[in-house]
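compute the structure for the input listed below.
(one chain, ligands or ions: 2)
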Amino acid sequence: MNKIQTMDILPKRKKQKGMQLSAPSSSYKIQFNEVVIFILEKKMGVTRRMFLMDLARRKGFRVENELSDSVTHIVAENNSCAEILKWLQVHRIGDSSGFKLLDISWLIACMEAGKPVDSEKYQLLVRREYGISSSPHPEKRAPISVSKFSQYACQRRTTLNNYNKKITDAFEILAENYEFRENEGPCLAFRRAASVLKSLPFTIVKAKDIEGLPWMGEQVKEVIEDFLEEGESPRVKNVLNCEYYKSFKKFTSVFGVGMKTSEKWYRMGLRNLEDVKQDKSLKLTRMQRAGLLHYEDLISSVSKAEADSTALIVKDTVWRFSPTAVVTLTGGFRRGKKMGHDVDFLITIPGASQEDELLYQVTDIWKKQGLLLYYDIIESTFDKTKLPSRKVDALDHFQKCFAILKLHKERVDHSRSVISKDSAEEVKDWKAIRVDLVVTPFEQYAFALLGWSGSRQFERDLRRYATHERKMMLDNHALYDKTKRIFLNAVNEEEIFAHLGLDYIEPWERNA
Ligand code: DCT
Ligand code: MG
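Ligands and ions are numbered 1, 2, ... in the order given. Okay, the predicted model is just below:
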């Protein structure tokens, strides 16, 4: 009788001990919200897993019992990457892009450090074979770590080194065509797919190369197959030959003309810019008139050298009125692009509360200098009581100026100017350049900088990530934590990434 009782008690005790070990994460204070850990039991065993889970929780880490969407780091012991991927597949987790696959040594290192340590060198790598003949730089082809292919652009590093330009250009044409037709779903699908392919460190040469990548839907795959089989896609050719697309492409290339105007013009039977110019019944806005007047200059891209010359003019004028102002070149040029459609600047005055006058003072000077071909100052509409916007493409509320500046060309070739004098031709020695000036309060500067540095796809995914993965709201003004109901301050971009639990991505890696 006694014996039986003892035997009865023993397993219970064991069980209780086990339960204690796997105490729910809520019983310890979570100190590091940016990492959410799941420890794989496979090959590790129940007891060791429980022990490690408990230890990590005691140290302030968030460890999940189940593999959920919120998990950012999967830790495994004695498993290869292929084995883990297979396990994920069996457990119906098709998209392995949202988390890092790490060796147990990462978790141990974290415990030793008492905080999360950089996971880069602990990542389990997928070993893939590549066709050497197709490689642009075969020697540079490193094994790909799974986390590089997150569904979010803000978790991928995308430089300007695009190994799949032919395909991504095609995707962008298709996306644009869907945008013109207001077909949002496929538009977004092609944009996201293009963004993923831009981050690939190799050229796609066979269908297998895209296996496991996010956003590779049926339509996307079909276009890739076209390229693999024929080196081009009939779908893209059809779009490029389509009158609707061609007209919209021309209309929207005019500064001040968007979708609404394009639709109106198309419905009126106009098909190209000649039609627009000849139709005297059209009421054009001031912006559109300036856009047409300087059309040729504005569609020829702005070079980095021109952007730098523009920056000198902007800084020189701004500093006359606010010597302590910080003027930053943002947009594509901050991401390292050599060409752009405009030059974007962010202006902030540390310690100043009154910066409303600055844009008026600056534009007045340019007017007097005869440099201002067009300008429109938009007043700030920022309301501090409003939460960051829920929209992922929302415009911000900063005071800003959309302008067209006259940029004088350097006289590089002296002999040429003599020739032109002889021929008595009036030579245009300037180029019209689109310039955006944005003025931000100092405490919002980091958010404005992150927002205005783009790319647009990178920004969209940052916001989508914040909303869906962190229950936070991000816009160009602030970051709001919906769980804690507080705004999270940041003095630089690194701090915003840290609040979001993201590895820092340099501006030149945001060309998603
Ligand atoms: N942006 C934003 N809010 C807006 C407009 C733009 O947050 N209302 C962001 C997205 C990218 C960045 O600002 C700059 O915009 P663009 O000049 O359109 O893009 P770009 O990347 O600089 O491209 P380009 O080289 O063509 O100028
Ligand atoms: Mg720009």
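
what's the neighbour count on the residue lying closest to residue 381 once chain neighbours are set aside?
In space, and not counting its chain neighbours, residue 381 is closest to residue 397: 4.4 Å by C-beta to C-beta, 6 or more residues apart in numbering. Every residue, glycine included, has its C-beta placed from N, CA and C. Residues lying near residue 397 (other C-beta atoms under 10 Å) number 18.

pretty sure residue 397 is touching residue 378, no?
No: using C-beta atoms under 8 Å, residue 397 is not in contact with residue 378; the gap is 9.4 Å.

can you find the residue of the stretch 1-150 of the chain that comes nearest to ligand 2?
Going by C-beta to the ion, ligand 2 is nearest to residue 150 of the stretch 1-150 of the chain, at 25.5 Å.

isn't that residue up against residue 100?
No: under the criterion of C-beta under 8 Å, residue 150 makes no contact with residue 100, lying 9.2 Å away.

excluding sequence neighbours, find me the nearest residue to the residue in the stretch 201-350 of the chain that ligand 2 sits nearest to.
Here the stretch 201-350 of the chain gets closest to ligand 2 at one residue, residue 331, 3.1 Å apart by C-beta to the ion. Nearest residue to residue 331, sequence neighbours excluded (C-beta to C-beta, 6+ apart): residue 344, at 3.3 Å.

what strand or helix carries residue 308?
helix 304-321 (DSSP states H and E).

distance from the chain centre to that helix, please.
From the chain centre to the centre of helix 304-321 is a distance of 26 Å (C-alpha atoms, centre = their mean, to the nearest Å).

before we move on, what about stretch 30-49?
30 Å.

mean confidence score for that stretch?
Mean per-residue pLDDT for stretch 30-49: 89.

same deal with stretch 461-473?
97.

export that stretch as PDB, just CAs?
Presented in PDB, the C-alpha positions along stretch 461-473 are these (Å, rounded to 0.1, in the frame of the first residue of the first chain):
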ATOM      1  CA  ASP A 461       7.300  47.600 -45.000                       C
ATOM      2  CA  LEU A 462       8.700  49.400 -41.900                       C
ATOM      3  CA  ARG A 463       5.200  50.600 -41.100                       C
ATOM      4  CA  ARG A 464       3.600  47.300 -41.900                       C
ATOM      5  CA  TYR A 465       6.200  45.600 -39.700                       C
ATOM      6  CA  ALA A 466       5.600  48.000 -36.900                       C
ATOM      7  CA  THR A 467       1.900  47.500 -37.000                       C
ATOM      8  CA  HIS A 468       1.700  43.700 -37.500                       C
ATOM      9  CA  GLU A 469       4.800  42.500 -35.700                       C
ATOM     10  CA  ARG A 470       5.200  45.000 -32.900                       C
ATOM     11  CA  LYS A 471       1.700  46.500 -32.300                       C
ATOM     12  CA  MET A 472       3.300  49.900 -32.900                       C
ATOM     13  CA  MET A 473       2.400  52.800 -35.200                       C
END
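
end-to-end on stretch 66-78?
The first and final residues of stretch 66-78 sit 20 Å from each other (C-alpha to C-alpha, to the nearest Å).

so which bits of that stretch are buried?
67, 70, 71, 72, 73, 74, 75, 76, 77 (16 or more other C-beta atoms under 10 Å).

which residues touch it?
With C-beta atoms under 8 Å, 6 or more residues apart in numbering as the test, stretch 66-78 has contacts from 34-40, 42-44, 48, 52, 64, 84, 91, 93, 98-104, 106-107, 119, 124, 469, 501.

could you list the low-pLDDT ranges of this structure?
1-26, 94, 96, 126-148, 387, 390-394, 411-425 (pLDDT under 70).

got the residues of it near ligand 1?
331-332, 337, 340-342, 344, 395-396, 451-452, 454-456, 459, 476 (C-beta under 6 Å from any ligand atom).

shouldn't residue 380 be in contact with residue 395?
No: with contact defined as C-beta under 8 Å, residue 380 does not count as touching residue 395 (12.0 Å).

the more surrounded of these two?
Taking other C-beta under 10 Å, residue 380 and residue 395 do not tie; residue 380 has more neighbours (15 against 12).

how about the more buried one, phi and psi?
In terms of degrees, to the nearest 10, the main-chain angles of residue 380 are phi -60, psi 140.

circling back: which secondary structure element contains the residue nearest to residue 331?
With DSSP H and E as criterion, residue 344 is part of strand 343-348.

just the CA coordinates of that strand, formatted as CSV?
C-alpha atoms of strand 343-348 as CSV (Å, rounded to 0.1, in the frame of the first residue of the first chain):
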residue,chain,number,x,y,z
VAL,A,343,16.5,66.5,-54.7
ASP,A,344,15.0,66.1,-51.3
PHE,A,345,16.1,68.1,-48.2
LEU,A,346,15.3,67.9,-44.6
ILE,A,347,15.8,71.0,-42.5
THR,A,348,15.8,71.2,-38.7
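
could you list the paired strands of that strand along with their orientation?
In the sheet, strand 343-348 lines up against strand 326-329 (antiparallel), strand 430-439 (parallel) (DSSP bridges).

just checking, what packs against the next helix or strand after the shortest one?
Counting by DSSP H and E, the element after strand 326-329 in chain order, helix or strand, is helix 331-334. Secondary structure elements in contact with helix 331-334, counted by 3 or more C-beta pairs under 8 Å, 6 or more residues apart in numbering; DSSP states H and E, are strand 339-340, strand 343-348, helix 445-453.

if we go to 6 Å?
Contact partners of helix 331-334 among helices and strands, from 3 or more C-beta pairs under 6 Å, 6 or more residues apart in numbering; DSSP states H and E: none.

which helix or which strand is home to the residue nearest the centre of the chain?
The centroid of the chain falls nearest to residue 458 when counting by C-alpha atoms, centre = their mean (0.8 Å). Assigned by DSSP H and E, residue 458 belongs to helix 456-470.

buried residues in that helix?
Applying 16+ other C-beta under 10 Å to helix 456-470 flags 457-467, 469-470 as buried.

pretty sure residue 396 sits against residue 474.
No: if you go by C-beta atoms under 6 Å, residue 396 and residue 474 don't touch, sitting 11.6 Å apart.

cheers, nothing more for now.
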